[in-house]
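1. sharing a model that was predicted from the sequence below.
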Amino acid sequence: MSLRVIFLGTSGAIPTVERSLPATLIQRGREMLMFDCGEGVQRQMVKARVGFHRRMKIFLSHLHGDHVLGLPGLLQTMALMDRKVKLEVYGPEGMKAFLQCVRESLQFGLTFPVEIHEILDAGQVCSEAEYAVEAAKSNHVIPSFAYAFVEKPRPGKFYPEKARALGIPEGELWSKLQHAETVTLADGRIVNPEAVTGDLRRGRKIVYSGDTRPFRGFARFAAGADLLVHDSTFDDALSDKAEEDGHSTPGQAAHLAKASKVKKLVLTHISARYTGSSLLLEQARAIFAETVVANDFLVLELPLSE
Ligand SMILES: [Zn+2]
Ligand SMILES: [Zn+2]
């Protein structure tokens, strides 16, 4: 299953010539999961050629305008394009009222169902056959969530020679064993999948901080992630301002990446005051080498681990 992250918007608060407002898209096979939904996100989607008709879930970290004002426009564009597939939106309390109000004021009809899930507490917010999304309460100036997308473990590698040695006929029984099911042979013997497969293979994990100061428990929440997408609004010299506004600096994000032993750190939600990214990158890399600063339309592929 392919898994990639596409950065559709990487600024914080104010868009710039180079950076659109926050939106981070996970594309998993034919499905899309979007984290935050900044203004103009549908145009970024057109540019990234990701389509408007796929199965999709949107997760909002908090109800600041730069993270949610893209949602009404996106819904309207989808309706104009005659989307039929249900759209699921997850986010903090108040989101339902916000959408209701916009829809009533603008009187726009939708061609597809929108299912709104307000999240009241930390924990798992959705669970599908192959992945789950968890939320953690982060530390911003209003209630805000960080999210972890976690794939469920895949069955271990199948060894045909072991199956043959046990006299299991090729076909349906092999297929069941490959899908981690226990089977009964014609002679009554019961074979567990572990007898013919390797260990379970871990799924991939992507963590999105949303807007946040460093907070207790985040290292555990992000532990072992393949990718950590983190708020890096201000550089280290402006840590007082970051603290005041409920944001993080590259150094703080890098310390977190190191403590949680993630594979890669991506800095995003970059203040409009920075025209280049070298200062932010330098500060983070001094602590955690595997760091990049996101740009709009950066695409990161996450291969399956064996
Ligand atoms: Zn923001
Ligand atoms: Zn905010």
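-> Great, that's in hand. Residues are numbered from 1 along each chain as shown. Ligands and ions are numbered 1, 2, ... in the order given.
2. for the stretch 51-200 of the chain, what lies in contact range of ligand 1?
-> residue 66 (CB under 5 Å from the ion). C-beta here means a position set from N, CA and C on the backbone, and glycine is covered the same way.
3. can you get me a residue count around the residue in the stretch 51-200 of the chain that ligand 1 sits nearest to?
-> The minimum distance from the stretch 51-200 of the chain to ligand 1, using CB to the ion, falls at residue 66 (4.4 Å). Residue 66 is flanked by 21 other residues according to other CB atoms under 10 Å.
4. how about the secondary structure of it?
-> helix (DSSP: H, G, I helix; E, B strand; the rest coil).
5. pretty sure it contacts residue 21?
-> Yes. Counting by CB atoms under 8 Å, residue 66 does reach residue 21; the two are 4.9 Å apart.
6. any residues in contact with both of those two?
-> Listed contacts common to residue 66 and residue 21 are 11, 38-39; contacts here mean CB atoms under 8 Å, 6 or more residues apart in numbering.
7. and those residues, which of them are buried?
-> Buried by 16 or more other CB atoms under 10 Å: 11, 38-39, out of the shared contacts of residue 66 and residue 21.
8. nearest to residue 210 among those residues?
-> Residue 210 lies nearest to residue 38 out of those, by CB to CB, at 12.3 Å.
9. would you mind measuring from that closest one to residue 22?
-> Residue 38 sits 5 Å away from residue 22, going by CB to CB, to the nearest Å.
10. between those two, which contacts overlap?
-> Joint contacts of residue 38 and residue 22 (CB under 8 Å, 6+ apart) are 9, 11, 66-67.
11. that older thread, which among the buried ones among the shared contacts of residue 66 and residue 21 gets closest to ligand 2?
-> residue 38 (11.0 Å).
12. surely that closest one forms part of a helix?
-> No. Residue 38 sits outside any helix when classified using three-state DSSP, being coil.
13. now do the contacts for it.
-> Per CB under 8 Å, 6+ apart, neighbours of residue 38: 8-9, 11, 15, 20-23, 66-67, 69-70.
14. swap the cut-off to 7 Å and go again
-> Neighbouring residues of residue 38 by CB atoms under 7 Å, 6 or more residues apart in numbering: 9, 20-23, 66-67, 69-70.
15. now the nearest residue to it once chain neighbours are set aside, what are its backbone angles?
-> For residue 38, ignoring the flanking residues on the chain, the nearest one in space by CB to CB, 6 or more residues apart in numbering is residue 21 at 2.5 Å. Note on residue 21: its backbone torsions stand at phi -70, psi 160 [degrees, to the nearest 10].
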